[in-house]
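**Student:** here is the input, now give the coordinates:
(2 chains)
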Amino acid sequence: KQEVTQIPAALSVPEGENLVLNCSFTDSAIYNLQWFRQDPGKGLTSLLLIQSSQREQTSGRLNASLDKSSGRSTLYIAASQPGDSATYLCAAAGPGNQFYFGTGTSLTVIP
Amino acid sequence: EAGVTQFPSHSVIEKGQTVTLRCDPISGHDNLYWYRRVMGKEIKFLLHFVKESKQDESGMPNNRFLAERTGGTYSTLKVQPAELEDSGVYFCASSQFVGGGYGYTFGSGTRLTVV
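**Tutor:** Numbers count the residues shown, from 1 in each chain, chains lettered A, B, ... in the order given. Next up, the predicted model:
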């Protein structure tokens, strides 16, 4: 059974700092890995999707990498802003196309 | 394009009552998924519909939960009778295709509180 772990559980950084969020998964047989953002009381917003054959994806200030062999993904956020404050979730899609989620990293960017 | 719509957004019911949650997927999306997050835990898969058929319902916790998708459009998730441990946020998601290149679009969720 796939298990997804996210470290750290919470992170607080000053505005403008670059940061990395980590995600690890136990079963490398994934179809894709997706990073989501969740704001308090809101749903999940998809940020980046990396297919199993890809190594990274970029969108604006966000860059996500995937290393299937080591069971790791990272989300890099450049020049953080207060509006980036949210919970970030990674989810690995298995052969049944269901997603296995981590518990998330709660990010606070201090102005 | 309208997103995935869920309602109600919040529901507070007493233990033993029945609650029905509804999800309207993105038009044309054959795949519909239900997930839930209970307090302090990760979001967990409940079931997957392909059109009106249940493709995978391995995540349904017990027989108090009944999901339907009549006509392959919207879906309902009924909890009867509700228990305290059913409290959490129930998410619905849809996708047009399954496979490596396709992710999901999630709804905003229904926050269920059983008192």
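
**Student:** quick check: which element contains residue B:39?
**Tutor:** In this structure, residue B:39 sits in neither a helix nor a strand according to DSSP states H and E.

**Student:** near chain B, which residues of chain A?
**Tutor:** Taking Cβ under 8 Å from any Cβ of the partner chain as the measure of proximity, chain A contacts chain B at A:4, A:31-32, A:34, A:36, A:41-46, A:49, A:51-53, A:89, A:91, A:93, A:96-104. Every C-beta, even on glycine, is put in place using the N, C-alpha and C of the backbone.

**Student:** now whichever residue of chain B sits closest to chain A: how far from residue A:70?
**Tutor:** The shortest separation between chain B and chain A is 3.6 Å, found at residue B:108 (distances taken as Cβ to the nearest Cβ). In this structure, residue B:108 and residue A:70 are 34 Å apart, going by Cβ to Cβ, to the nearest Å.

**Student:** cool, residue A:79 as well?
**Tutor:** According to Cβ to Cβ, residue A:79 stands 27 Å off from residue A:70.

**Student:** what residues are up against the residue most central in space within chain B?
**Tutor:** Nearest to the mean C-alpha position of chain B, by Cα atoms, centre = their mean, lies residue B:34 at 3.2 Å. The neighbourhood of residue B:34, defined by Cβ atoms under 8 Å, 6 or more residues apart in numbering or on different chains, consists of B:23, B:45, B:46, B:47, B:67, B:75, B:77, B:90, B:91, B:92.

**Student:** skipping its backbone neighbours, what lies nearest the residue in chain A positioned nearest to chain B in space?
**Tutor:** Of chain A, the residue with the smallest distance to chain B, taken as Cβ to the nearest Cβ, is residue A:43 at 3.6 Å. By the measure of Cβ to Cβ, 6 or more residues apart in numbering or on different chains, the closest residue to residue A:43 outside its immediate chain neighbours is residue B:108, 3.6 Å from it.

**Student:** what kind of secondary structure is the one you found in?
**Tutor:** For residue B:108, the secondary-structure state derived from DSSP: H, G, I helix; E, B strand; the rest coil is coil.

**Student:** okay, now it: neighbour count?
**Tutor:** Here the number of neighbours of residue B:108 (other Cβ atoms under 10 Å in any protein chain shown) works out to 20.

**Student:** so which bits of chain B are right by chain A?
**Tutor:** By the criterion of Cβ under 8 Å from any Cβ, the positions of chain B lying close to chain A are B:4, B:6, B:31, B:33, B:35, B:41-45, B:48, B:56, B:59, B:91, B:93, B:98-109, B:111.

**Student:** alpha carbons of the helix or strand hosting residue A:64, as PDB, please.
**Tutor:** Using DSSP H and E, the secondary-structure element containing residue A:64 is strand A:62-67. Coordinates of the C-alpha atoms in strand A:62-67 are reproduced here as PDB (Å, rounded to 0.1, in the frame of the first residue of the first chain):
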ATOM      1  CA  LEU A  62       7.000  27.000  -8.800                       C
ATOM      2  CA  ASN A  63       9.100  24.000  -9.800                       C
ATOM      3  CA  ALA A  64       8.400  20.400  -9.000                       C
ATOM      4  CA  SER A  65      10.700  17.500  -9.400                       C
ATOM      5  CA  LEU A  66      10.200  13.800  -9.400                       C
ATOM      6  CA  ASP A  67      12.700  11.000  -8.700                       C
END
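
**Student:** buried residues of the next helix or strand after it, list them for me.
**Tutor:** Using DSSP H and E, the helix or strand that directly follows strand A:62-67 along the chain is strand A:72-77. Along strand A:72-77, these residues count as buried under the neighbour rule (16 or more other Cβ atoms under 10 Å in any protein chain shown): A:73, A:74, A:75, A:77.
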